[in-house]
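S.K.: how does the following fold in three dimensions:
(one chain, ligands or ions: 1)
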Amino acid sequence: VSGPFLRSGLPPFCLERWQSERETYAKINLSESGVEPPSWDYIEYAIDGLDAVDLGYGWTRGSPLLRERIAYGPYDGAAEPDEIIVTSGSAEANLAVVLSLIGPGDIVVIDMPNYMQVHGLATMVGARIVEAWRSPQDGWRIPVKEILSIMYDLEPRAVFITNPNNPTGNVDYDALWDLATAGGDLGTIIVFDEVYRGLELDHPTPPTILEAANDSMARAVSVSGLSKAYGLPGLRIGWAATNDPFLARKIWAAKDYTTISVSRLSEAVAAEVLREDVMADLLVRGREIVSANLESFRRILGGRLEWVEPMAGAFVFARVPGVEDTRGLAEQLYREKGVLVNPGECFDMPGYLRIGLGKADHELAAQGYRLIAEFLEEHGLGE
Ligand SMILES: Cc1ncc(COP(=O)(O)O)c(C=O)c1O
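M.R.: Below you'll find the model as predicted:
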């Protein structure tokens, strides 16, 4: 645990900028954290009625059909359709949650390492951040004891967790009830980014935090969307789902200031994608792609890198033995071999690389892993 820290301004978003400056030029892009998108042909069979889409603004919190499909699909009734705000990607959901629920001076606990969006936004609004660090020795599990003790000591406004976690690939189950119980006692809002939920590899899908919160009289928000497990980031469809209608109204109020409504074309496609059969098919596709790549990753890079086996997500968070400056290393790998991965520095964890498992073309993925092995060998690294 470290903090609370009070910093100000909007920090650069290391990961997003690292990727956007390089990903379109990379020969083999292994920097994505989600499953590679299927072609339009792949999902077209499921999409009906696009020619009838009205190109007006539509519903600012998402169409009733899409909100119903989200509530009874991924959430299985743990949230009501009126407790869902549809957003442009889960990134906008995170923004709307921070803008509407967190203010200057509020103490917030943030799960680390993590996708650094909420961390940056909480800094921007002047919150005091306590970082709760996972460790590889503990299998990257949520440090629940430490978080509970911070909660009872400091009574934070909110706790932000990413489960399944990016970048470690850990999935936690029991911690959800511990955190929700404490949240119910103290009034702390429990916010889970669940955008990788559904992309587990040989592990059960964890319950949504809303289920645990409903059992504990806690207020919770689940942020999620179609970008990662479903492999459809280009639709830019995400959402914030909550078990508290008052929180839903506050988040909706922020959305009025950001993008008003999502693209109606995307919204119509998303509603069809979230039909039970289509959703199940996309999730199976995603798990199959990632599992096959993980096998070749193990075969090619085992012995050179060190990692805790990911339980979910489309990436491995691997330590490069003997290397501190992994940003420099990732830059050199990109220049010499054209392979793009993410440096641990973008997760405040130098010494690590996050390497993607989401490529639909398994041969291309394996070629990328072989190039990484070759690069490490040429530089006498990673053994
Ligand atoms: C944990 C997490 N949340 C949110 C996002 C944003 O994704 P999107 O806006 O495409 O849903 C990402 C992207 O990498 C992520 O890893």
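
S.K.: and residue 223, backbone torsions?
M.R.: Torsion angles at residue 223 (phi, psi; degrees, to the nearest 10) stand at phi -100, psi 130.

S.K.: err, residue 306, not the other one
M.R.: phi -120, psi 130.

S.K.: would you map the helices across the stretch 1-150 of the chain?
M.R.: Using DSSP state H, counting those that start in this stretch, the helices of the stretch 1-150 of the chain run over residues 14-22, 40-44, 64-72, 89-101, 117-124, 144-154.

S.K.: so which of those helices comes closest to residue 366?
M.R.: helix 14-22 (21.1 Å; Cβ to Cβ). Placement of C-beta: from N, CA and C, glycine included.

S.K.: could you say what helices and strands that closest one packs with?
M.R.: strand 342-343 (3 or more Cβ pairs under 8 Å, 6 or more residues apart in numbering; DSSP states H and E).

S.K.: now tell me what touches the strand it packs on from outside.
M.R.: Residues outside strand 342-343 that contact it (Cβ atoms under 8 Å, 6 or more residues apart in numbering) are 15, 18-19, 31, 167, 326-327, 329-331, 350, 352-355.

S.K.: quick check, nearest of the residues you listed to residue 104?
M.R.: Among the contacts of strand 342-343, and counting by Cβ to Cβ, the member closest to residue 104 is residue 15, at 25.5 Å.

S.K.: helices or strands up against the helix of greatest length in the chain?
M.R.: Ranked by number of residues, the top helix in the chain under DSSP state H is helix 276-301. Counting contacts by 3+ Cβ pairs under 8 Å, 6+ apart, helix 276-301 is packed against helix 264-273, strand 315-319, helix 362-378.

S.K.: closest to the ligand out of the helices of the stretch 1-150 of the chain?
M.R.: Closest to the ligand of the helices of the stretch 1-150 of the chain is helix 89-101 (Cβ to the nearest ligand atom; 2.5 Å).

S.K.: near the ligand at all, that closest one?
M.R.: Yes - applying Cβ under 6 Å from any ligand atom, one finds helix 89-101 touching the ligand at 89, 90, 91.

S.K.: how about the last one, nearest residue that isn't a chain neighbour?
M.R.: Taking Cβ to Cβ, 6 or more residues apart in numbering as the measure, residue 91 lies nearest to residue 117, with 6.3 Å between them; neighbours along the chain are not counted.

S.K.: gap between whatever residue of the stretch 251-383 of the chain ends up closest to the ligand and residue 278?
M.R.: Of all residues in the stretch 251-383 of the chain, residue 313 sits closest to the ligand, at 8.4 Å by Cβ to the nearest ligand atom. Distance, residue 313 to residue 278, by Cβ to Cβ, to the nearest Å: 22 Å.
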